[in-house]
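Undergrad: What shape does this take:
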Amino acid sequence: MKSTVLEVVSFLLDKVFFLASFKLFSVTAEENKVAASYDVTCFRRGDLLEVPRTLFVHFGIYLGDDRVAHMMPDILPVLSDDRSLIQKVVTNKRLILGVLTKVASIRVDTVEDFAYGGSIIINHMDHGFRNKPLPNEEVARRAEKLVGATPYSLLWNNCEHFVTYCRYGTPVSFQTDKFCEIVKMVIRDQRSVLASALLGLASVLCLGLGPSTTLPSVLIPFTLWMVS
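TA: Okay, the predicted model is just below:
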């Protein structure tokens, strides 16, 4: 258990330092996308595409003709009606603000824009998912029917829920399930007090948050541990 808690602390601190170095409201320049080329001939319509990213794994459904349907949190549709502007690649700033405001859309982008410079894994979930995949054409049609605005929840309705519903008929997110299990395991252990204290201290030092903001990050896990 000790090593597990230390791993969780290390993971959380790593993400805090990442966010601290991320200039969320900077207007000097957008994030630079890593140039990459993709051989779309190896994709079939209805394939589940998976792209590992910094904070999460992103998922989409290949529709054919270099098009991918995927769910993306995005604040811009709330701020503008300009379709040509909204259709541009969703940057990290738009994405994070979309997560915070729970605004998203299931949109269609090119494979290059979907991957955003990352490597693509094809149908990786087929080996571990309990349900057998639906026929590829049915998968693609499900994805196409869902294109448009949709509510977003980091835990209950994200891009993984979208693709698992389309391909397997059941909306599931293994990423969030694993995260919730780790959180429950940590808050039941006394050492979680130390973890939350370190996270709160890192928030004050790196993000400039006040004690009144970070105090809940210490008290809530401690209270949950006391009543568990």
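Undergrad: Report the residue spans of this structure with pLDDT below the cut-off.
TA: 1-36, 54-55, 177-228 (pLDDT under 70).
Undergrad: Okay, strands next: where are they in it?
TA: 48-52, 57-64, 67-73, 103-110, 121-122, 148-151 (DSSP state E).
Undergrad: Compare the ones you listed and report which one is nearest to residue 85.
TA: Ranking the strands of the chain by proximity to residue 85 (CB to CB) places strand 103-110 first, at 13.1 Å. All C-beta spots, glycine's among them, are computed from the backbone N, C-alpha and C.
Undergrad: Which residues does the closest one contact?
TA: Contacts to strand 103-110, defined as CB atoms under 8 Å, 6 or more residues apart in numbering, come from residues 63, 66-75, 77-78, 87, 89, 98, 143, 146-152, 162.
Undergrad: what do you get if the cut-off is 7 Å, keeping everything else the same?
TA: 63, 66-75, 77-78, 98, 146-150, 152, 162 (CB atoms under 7 Å, 6 or more residues apart in numbering).
Undergrad: cool, stretch 141-152 as well?
TA: 61, 63, 69, 71, 73, 77, 98-99, 102-108, 157-158, 162, 166.
Undergrad: again, only using 8 Å
TA: 61, 63, 69, 71, 73, 77, 98-99, 102-108, 134, 157-158, 162-163, 165-166.
Undergrad: Just the buried residues from the residues you listed, in ChimeraX please.
TA: For the buried members of these, the matching ChimeraX selection, counting by 16 or more other CB atoms under 10 Å, is:
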select :61,63,69,71,73,77,98,99,103,104,105,106,107,108,134,157,158,162,163,165,166
